[in-house]
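Engineer: below are the sequence and a predicted model for it; my questions follow.
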Amino acid sequence: MSQPTADYFARLARLVAIDDAGKRPIRTIVEAFSGAEMATIPVGTAADLEVAVARAREAQKDWAARKPADRAKVLFDFAALVNKNADSLMDIAQAETGKARIYAQEEVLDVALSARHYANVAPGLLADKKVKGILPGATDVRVRYQPKGVIGVISPWNYPLTLAVSDAVAALAAGNAVVIKPDSQTPYCALACAELLYEAGLPKELFAVVPGPGSVVGQAIVAQTDYVMFTGSSATGATLAEQAGRRLIGFSAELGGKNPLIVTANANIDRIVSGVARACYSNSGQLCISIERIYVEESVADEFTEKFAAYVSNMNLAATYDFTADMGSLASASQSETVDKHVTDAVAKGATLQAGGKRRVDLGPFFYEPTVLTGVTEGMDCYADETFGPVVAIYPVANVEEAIARANDTEYGLNASVFAGSSSEAQKIAERLRAGTVNINEGYASAWGSTAAPMGGMGISGVGRRHGEEGLYKYTEPQTIAEQRFIGLDGIRGVPKSVFLKATPKLMESLKYLPGR
């Protein structure tokens, strides 16, 4: 458990889908804990992307011709290899992002779970399905699912293992090829997973990793692939959706969130503070589904604030490749700057620091304390804008009705959380929240880890879903094949056409008495 070696980086670098990579410009990759250079990566171009897509398109033909069960075998083997190589995958995730090891482990577990889930369910979901025809017995109809072709994935830096590969495994299971542009800060996580996919038996051309700037390689993905999966900001997502729309190709995205958490008056405060803290500070708050707003009923607001702030103040920040840290570093100088700007602005305009609020350069260049604010009001940067860092604001509310109204008072709608005194109360609250996922007694992992259920956002938090059946079918083109037998829709042999046409309305009306019509 340590920073990956130079030999490991060199081995992975050979897997980039760039011809003559040694002749290309390079980008420096830093260890987030220290800010020190630890590797370089060749920078791809639009031409490199075009070559990768062409090769993927050719290889995809044979892959699509394989039975879904054969494709699933590769994903089963990949999941096993992910678990076998968990330590090295956690090392690379920590090195590139600075996250605590517990959250690097979440990534590894999610990749393996997603691969195994789609390996299990894809053969059944992709099987041809018989459906009712216009004339029962005379019209035979089946629906089949064809792959779209080449899927373009543009993945972010905050969860660079899971958001590179967990979307890709569904696309691969459906018979597609994948060309991925990882974030420029974190290319080696995608390459580490690519290495294991190839070892599991996936032809290299079917999962091509092309590092490079979004303005170049990302734009080429939107211009050349058959479907785009993006994870990132709402603003960038809107631009990419518009570009995909011009080509009339499919587009799916998980975007930003300003996620709320509700604490009711009868919740057990002592029991919930650790879970609420995890909801807010997982991955140092650099998680689209982490909590940034907490609404607490007034009768317990002071108690909750005091106990929550005390818990947060005692969290262990550390630059360590083991499980001793509660929270790690932010991923970059720009992230640290944004967090500090939001906190400084809030305090200057009257908010109160209950915990944290300082950079910790003694631990590393990008460390920032987990921060709790009260008294946050409209006009402060962190009130409605996503911070995407370890900052949460607590808002006392008169009752649950106000909590629900304020939780829903946002353009976002990605994730929400409820901590209440009873399951029935929490369920009723959850059903009224406008969010793609709602977790009860948990911040995000219950919904995220339930790979059979769809995951995604409402409002400006996303388009489409990952996970569940939706996460597979979005990578397919449903095709209906209908065969007419015995009775033609233009008449019956031996029956005058005029007689048949007059009888047709009565015939169609009589079908309503058949089961399922």
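Structural biologist: Yep, that arrived.
Engineer: which outside residues touch the helix or strand containing residue 246?
Structural biologist: Using DSSP states H and E, residue 246 maps to helix 234-247. Residues from elsewhere that reach helix 234-247, judged by C-beta atoms under 8 Å, 6 or more residues apart in numbering: 154, 214, 218-219, 222-223, 228, 230, 250-251, 253, 255-256, 412, 460-463. For glycine as for every other residue, the C-beta is placed from the backbone atoms N, C-alpha and C.
Engineer: same thing but 6 Å
Structural biologist: Helix 234-247 has contacts (C-beta atoms under 6 Å, 6 or more residues apart in numbering) with 222, 228, 230, 251, 253, 255, 256, 460.
Engineer: quick one: strands adjacent to the next helix-or-strand element following that helix?
Structural biologist: Scanning forward in sequence from helix 234-247 by DSSP H and E, the next helix or strand is strand 250-254. Neighbouring strands of strand 250-254 in its sheet, by DSSP bridges, are strand 227-231 (parallel), strand 462-463 (antiparallel).
Engineer: for the last one, the distance to its chain's centre please.
Structural biologist: For strand 462-463, the gap between its own C-alpha mean and the chain's C-alpha mean amounts to 11 Å (C-alpha atoms, centre = their mean, to the nearest Å).
Engineer: pull out the buried positions in the very next helix or strand once past that strand.
Structural biologist: Note on strand 462-463: by DSSP H and E, the next helix or strand toward the C-terminus is helix 468-473. By 16 or more other C-beta atoms under 10 Å, the buried positions in helix 468-473 come out as 468, 470, 471, 472, 473.
Engineer: hmm, residue 264 is touching residue 420, no?
Structural biologist: Yes. Contact criterion C-beta atoms under 6 Å: residue 264 and residue 420 qualify, at 4.2 Å.
Engineer: okay, the two: which has more neighbours?
Structural biologist: Ranked by neighbour count (other C-beta atoms under 10 Å), residue 264 and residue 420 place residue 420 first, with 24 against 21.
Engineer: can you name the residues that contact that one?
Structural biologist: By C-beta under 6 Å, 6+ apart, residue 420 lies in contact with 264, 267, 426.
Engineer: go with 7 Å
Structural biologist: 264, 266, 267, 426, 429 (C-beta atoms under 7 Å, 6 or more residues apart in numbering).
Engineer: which of those lies closest to residue 449?
Structural biologist: Residue 449 lies nearest to residue 426 out of the contacts of residue 420, by C-beta to C-beta, at 18.5 Å.
Engineer: give the burial count for that closest one, as a bare number.
Structural biologist: Neighbourhood size, residue 426 [other C-beta under 10 Å]: 21.
Engineer: swap in residue 265?
Structural biologist: When neighbours are counted by other C-beta under 10 Å, residue 265 comes out with 16.
Engineer: residue 160 now?
Structural biologist: When neighbours are counted by other C-beta under 10 Å, residue 160 comes out with 27.
Engineer: that one is in contact with residue 185, isn't it?
Structural biologist: No. Residue 160 lies out of contact with residue 185 (C-beta atoms under 7 Å); the separation is 8.0 Å.
Engineer: shared neighbours of the two, anything?
Structural biologist: What both residue 160 and residue 185 touch, as defined by C-beta under 7 Å, 6+ apart, is the set residue 96.
Engineer: just to revisit the earlier point, out of the strands paired with strand 250-254, deepest packed?
Structural biologist: Comparing those by mean neighbour count (mean count of other C-beta atoms under 10 Å), strand 227-231 ranks first with a mean of 26.
Engineer: for that strand, the distance to its chain's centre please.
Structural biologist: Offset of strand 227-231 from its chain centre (C-alpha atoms, centre = their mean): 10 Å.
Engineer: report the inter-axis angle for it versus helix 234-247.
Structural biologist: 180 degrees (axes from the mean of the first three to the mean of the last three C-alpha atoms, to 10 degrees).
Engineer: run a quick neighbour tally on residue 359.
Structural biologist: 17.
Engineer: er, residue 432 actually
Structural biologist: By the criterion of other C-beta under 10 Å, residue 432 has 13 neighbours.
Engineer: who's in contact with it?
Structural biologist: residue 404.
Engineer: now do the phi/psi pair for it.
Structural biologist: As for residue 432, its main-chain torsions (degrees, to the nearest 10) stand at phi -100, psi 0.
Engineer: sort out which residues of the helix holding residue 246 are buried, please.
Structural biologist: 234, 236, 237, 240, 241, 244.
Engineer: so how far is it off the chain centroid?
Structural biologist: 17 Å.
Engineer: again with stretch 341-356
Structural biologist: Chain-centre distance of stretch 341-356: 30 Å, with C-alpha atoms, centre = their mean.
Engineer: end-to-end on that stretch?
Structural biologist: Stretch 341-356 has its terminal residues 14 Å apart, counting by C-alpha to C-alpha, to the nearest Å.
Engineer: hmm, back to that, which of the buried residues of helix 234-247 sits closest to residue 303?
Structural biologist: Of all these, residue 234 has the smallest distance to residue 303: 35.2 Å, by C-beta to C-beta.
Engineer: ok so, going back, with mean pLDDT and distance to residue 356 added, can I get the strands paired with strand 250-254 in TSV?
Structural biologist: Output for the strands paired with strand 250-254, formatted as TSV (pLDDT from 0 to 100; distance: least, C-beta to C-beta, whole Å):
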stretch	mean pLDDT	distance to residue 356
strand 227-231	98	27
strand 462-463	96	29
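Engineer: adding distance to residue 277, write those out as a markdown table.
Structural biologist: Shown next, in a markdown table, are those (distance: least, C-beta to C-beta, whole Å):
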| stretch | distance to residue 277 |
| --- | --- |
| strand 227-231 | 25 |
| strand 462-463 | 26 |
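Engineer: out of the ones you listed, flag the one nearest residue 22.
Structural biologist: Nearest to residue 22, of all the strands paired with strand 250-254, is strand 227-231, at 29.7 Å by C-beta to C-beta.
Engineer: of the contacts of helix 234-247 - the most surrounded one?
Structural biologist: The member of those that has the most neighbours, counting by other C-beta under 10 Å, is residue 230 with 30 neighbours.
Engineer: for that residue, which residues are in contact?
Structural biologist: Per C-beta under 7 Å, 6+ apart, neighbours of residue 230: 154, 237, 240, 253.
Engineer: one more time with 8 Å
Structural biologist: Residue 230 touches 153, 154, 236, 237, 240, 251, 252, 253, 254, counting by C-beta under 8 Å, 6+ apart.
Engineer: how close does the third one get to residue 242?
Structural biologist: With distances defined as C-beta to C-beta, to the nearest Å, the gap from residue 236 to residue 242 amounts to 11 Å.
Engineer: re the thing from before, wait, which of the strands paired with strand 250-254 is closest to residue 113?
Structural biologist: Closest among the strands paired with strand 250-254, once you apply C-beta to C-beta, is strand 227-231, at 17.5 Å.
Engineer: what's near enough to touch the nearest residue to residue 318 once chain neighbours are set aside?
Structural biologist: Excluding its sequence neighbours, the residue lying closest to residue 318 (C-beta to C-beta, 6 or more residues apart in numbering) is residue 325, at 3.9 Å. Going by C-beta under 8 Å, 6+ apart, residue 325 touches 100, 101, 102, 316, 317, 318, 319.
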